[in-house]
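In: turn this into a structure:
(one chain, ligands or ions: 1)
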Amino acid sequence: MVVDMVNKAPIGVFDSGVGGLTVVKEIMNQIPGESIIYFGDTARLPYGSKSKKTVIRYTRQIVHFLMQKNVKAIVIACNTASAFALETVKSEIDIPIIGVVKPGAKVAAETTKNGRIGVIGTEGTIQSGIYSQILSKTNPKVEVFGKACPLFVPLVEEGLIDDPVTYEMTRRYISGLVDKDIDTLVLGCTHYPLLRKTIRKVVGNDINLVNPAYETAKSLTQVLSTYGLYNDSIAKTNHKFYVSDGAEKFKSFANTILPCEVVETKDINIEELG
Ligand code: DGL
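Out: Numbering: from 1, shown residues only. Here you go, the predicted model:
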């Protein structure tokens, strides 16, 4: 009975904003029976230019908020928070918690043919060196080329997904990586899968684009199974969405990305609740 209740508990997922919805979409597609509680820290975005100390503080508040909602597992659907805070908060809680960096890095290291891998992400993620560390640990022969792309997040947040300005910025950011003869490019920020088509146009068809969102949902499935936390009931899912600012804007965005309708998004004060 108790086990059954735990298994029906939701999964907590969070990001600094809308980017984590790319992870939610993959979770909904891969394990549709699970309910999700999502928090987007829209009031404090971006995390990518903030210090490690600040990102750890924000992450702790959000993890606390999600634990109060009795989630059975947590996904940090933000590369920057995964890079800076996952290891710290992991040791502070007693439920499974995963980030987006390891699943994406692992698949890139395992599938590269020429060992030359590009990683794009926020300034924080690239400067942390986390992708290089995990890629080299998984496959010591790889050479990693990182590039911070700070304008991608505001372009996505502004909805300029298929726009000449975005194309031009993609060309400027990524051409240098293509010149390094990479055969794999990791989209190391949760917003970037939304720019996949534009990125594909710039890199051509010969470079494998790794989407950590997809790999994270696969990894979550394994974690739930390892801990016996799968929800195999056929009851309807009950997803809930919270943000720290701009609930209506978030809701409209979510409805363009997710495979289900987001009926309501609640604004909360994470500083007080977390
Ligand atoms: N979600 C963040 C990440 O994946 C990008 C947005 C931000 O800088 O907060 O790194």
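In: okay, which residue is most central for this protein?
Out: By CA atoms, centre = their mean, the chain has its centre lying nearest to Ala77, at 3.1 Å.
In: for it, which non-adjacent residue is spatially closest?
Out: Gly20 (3.2 Å; CB to CB, 6 or more residues apart in numbering). Heads up, the C-betas are built off the backbone N, CA and C, glycines and all.
In: wait, Val100 touches Leu86, no?
Out: No - using CB atoms under 8 Å, Val100 is not in contact with Leu86, being 9.2 Å away.
In: what's the overlap in contacts for the two?
Out: Ile76 (CB atoms under 8 Å, 6 or more residues apart in numbering).
In: grab the nearest non-local neighbour of Lys90.
Out: Closest to Lys90 by CB to CB, 6+ apart is Ile97, at 5.5 Å.
In: who's in contact with that neighbour?
Out: Ile97 neighbours (CB under 8 Å, 6+ apart): Val63, Ala73, Ile74, Val75, Ile76, Leu86, Val89, Lys90.
In: buried subset of those?
Out: Val63, Ala73, Ile74, Val75, Ile76, Leu86, Val89 (16 or more other CB atoms under 10 Å).
In: separation between the closest residue to the second one other than its chain neighbours and the ligand?
Out: In this case it means Ala73. Nearest residue to Ala73, sequence neighbours excluded (CB to CB, 6+ apart): Pro96, at 4.5 Å. Using CB to the nearest ligand atom, to the nearest Å, we find Pro96 at a distance of 20 Å from the ligand.
In: Pro96 contacts Tyr227, correct?
Out: Yes - Pro96 is in contact with Tyr227 according to CB under 8 Å; the separation is 5.7 Å.
In: tell me, what's touching these two both at once?
Out: Ala73.
In: the more surrounded of those two?
Out: Pro96 (17 against 14; other CB atoms under 10 Å).
In: how near is the more buried one to Val71?
Out: Separation of Pro96 from Val71 (CB to CB, to the nearest Å): 10 Å.
In: what do you get for Tyr230?
Out: For Tyr230, the distance to Val71 - CB to CB - is 15 Å.
In: same question for Leu273.
Out: 14 Å.
In: the more surrounded of these two?
Out: When neighbours are counted by other CB under 10 Å, Leu273 and Val71 differ, and Val71 comes out ahead with 21 against 14.
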